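J.: Just to be clear, the model below is a prediction. Sequence and coordinates:
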Amino acid sequence: MTKVDLVVGFLGAGKTTLVNRMLADGLAGERPVIVENEFGDVAVDGDLIPEGEAQVRTLASGCICCTLRGSFLDCLDEVVGTLAPSRIVIEPTGLANLPDLLTIVRDASSRLPCRLNSVTSVVDASCVAEMLEFAGDFYASQVRDATLVALTHTAGLGAPELEGALRAVRSLTSCPVMDVDAAGGLEVLAASEAALEEAASLGTRGEKDAGEKDGAPRGSRGHDGCAHDAHGHDAHGHLHAPGGFGSFSFLPGRTFSEEDVDLLLEGLRRVRSGRVLRAKGFLARKDRCGLEHVELAAGGAGHECSAYRGDPKLVVIGRGLDGDELARIVGAEPEP
Ligand SMILES: Nc1nc2c(ncn2[C@@H]2O[C@H](COP(=O)(O)OP(=O)(O)OP(=O)(O)O)[C@@H](O)[C@H]2O)c(=O)[nH]1
């Protein structure tokens, strides 16, 4: 029986980092399959999982809870039916609808030898209240139905900020909360497993009834009143979703100095057209070989030398963004 572990959370919350921590803390020994789902056309997260730690399946250009539902089911069929690993860890996009995802996994487990084993919601404690207000149900749905909340970015926070973050989380769920910094990746996973088991035994949440209450699927409201499956490409080939969220992918041919990378990140922070919530990718360096791994999220931005050996690529995700403005900042045309 394959265990299915969901690691969900808003854009840039720290999902991939937590998955890597689980692998480094011993999960790699189980040879799990990691399913990485990316909202943008250009996939990055799979490249951040160290080679040999796990088999990675990447599903890009949409959400596995809606537009990529079919591909996700095919992936589960193939992985569970053929590889039969002891565990699949699924990291959906930061805009996923968790109740819909739970329904899909629950349905799959009725015909495949797999079962939902844990639902960990990763929450960036430095900006939880702000993001909850900014993104509404896109944010809340990923916390409400989790069996455990894993707080990230806690290191630099004072007691009042941490209490504020906990209050915001508590406004959504009463499930256990763990500070990722104070616990190992495997501890978080074990606590999440135990919490799902307990909730299922109490009949409050879990495999049997996750995502459903009062006969109606919870959270299948669509985002901002629109059907969540309205994701699609516009005339310029950028991926967009209801609520004004959009993703723009670039394959920058130019090279970047250290200062250029800083300018790019600063430019993305200060866009006029909307708000960049997430940028990630790899840029070619001018002054040395190798690529620079760049990251921007609500909790901060940074870059570092990377072992990644593929082509440069950058994905920018946010709300109300203008592709032409982003192209000027990145210095490359968006990918069609
Ligand atoms: N300071 C700090 N940074 C963190 C922590 N967790 C993640 N990060 C950083 O936050 C950025 C985003 O982390 P990811 O793990 O890629 O976030 P994600 O949720 O997978 O992001 P998506 O790609 O939007 O799905 C990266 O630069 C991480 O290094 C944390 O606990 N503390």
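T.: Ah, there it is.

J.: count of neighbours near residue 200?
T.: 17 (other C-beta atoms under 10 Å). Yep, even glycine has a C-beta here, placed from its N, CA and C like the rest.

J.: Where does it sit: helix, strand or coil?
T.: helix (DSSP: H, G, I helix; E, B strand; the rest coil).

J.: gap between it and the ligand?
T.: Residue 200 is 26 Å from the ligand, where distance means C-beta to the nearest ligand atom, to the nearest Å.

J.: Point out where the stretch 201-336 of the chain drops to low pLDDT.
T.: Applying pLDDT under 70 to the stretch 201-336 of the chain flags the ranges 204-242, 333-336.

J.: and if we set it to 80?
T.: 202-243, 288-289, 332-336 (pLDDT under 80).

J.: Give me every residue in it lying close to the ligand.
T.: 278, 280, 295, 297, 299, 302 (C-beta under 6 Å from any ligand atom).

J.: Tell me the bridge partners for the residue nearest to the last one when sequence neighbours are not counted.
T.: Spelled out, it's residue 302. Distances taken as C-beta to C-beta, 6 or more residues apart in numbering place residue 295 nearest to residue 302, at 5.6 Å, with adjacent residues excluded. On the basis of DSSP bridges, residue 295 takes part in beta bridges with residue 280, residue 302.

J.: Residue 31 versus residue 295, what's the distance?
T.: Relative to residue 31, residue 295 is positioned 28 Å away (C-beta to C-beta, to the nearest Å).

J.: More neighbours: which of those two?
T.: Neighbour comparison, residue 295 and residue 31: the larger count goes to residue 295, with 19 against 13 (by other C-beta under 10 Å).

J.: show me the contacts for that one.
T.: Shown in contact with residue 295 (C-beta atoms under 8 Å, 6 or more residues apart in numbering): 12, 279, 280, 301, 302, 303.

J.: change it to 10 Å
T.: Residue 295 makes contacts with 12, 17, 44, 48, 265, 278-281, 301-304, as judged by C-beta atoms under 10 Å, 6 or more residues apart in numbering.

J.: Between these, which sits nearest residue 199?
T.: Nearest to residue 199 among the contacts of residue 295, counting by C-beta to C-beta, is residue 17 at 25.4 Å.
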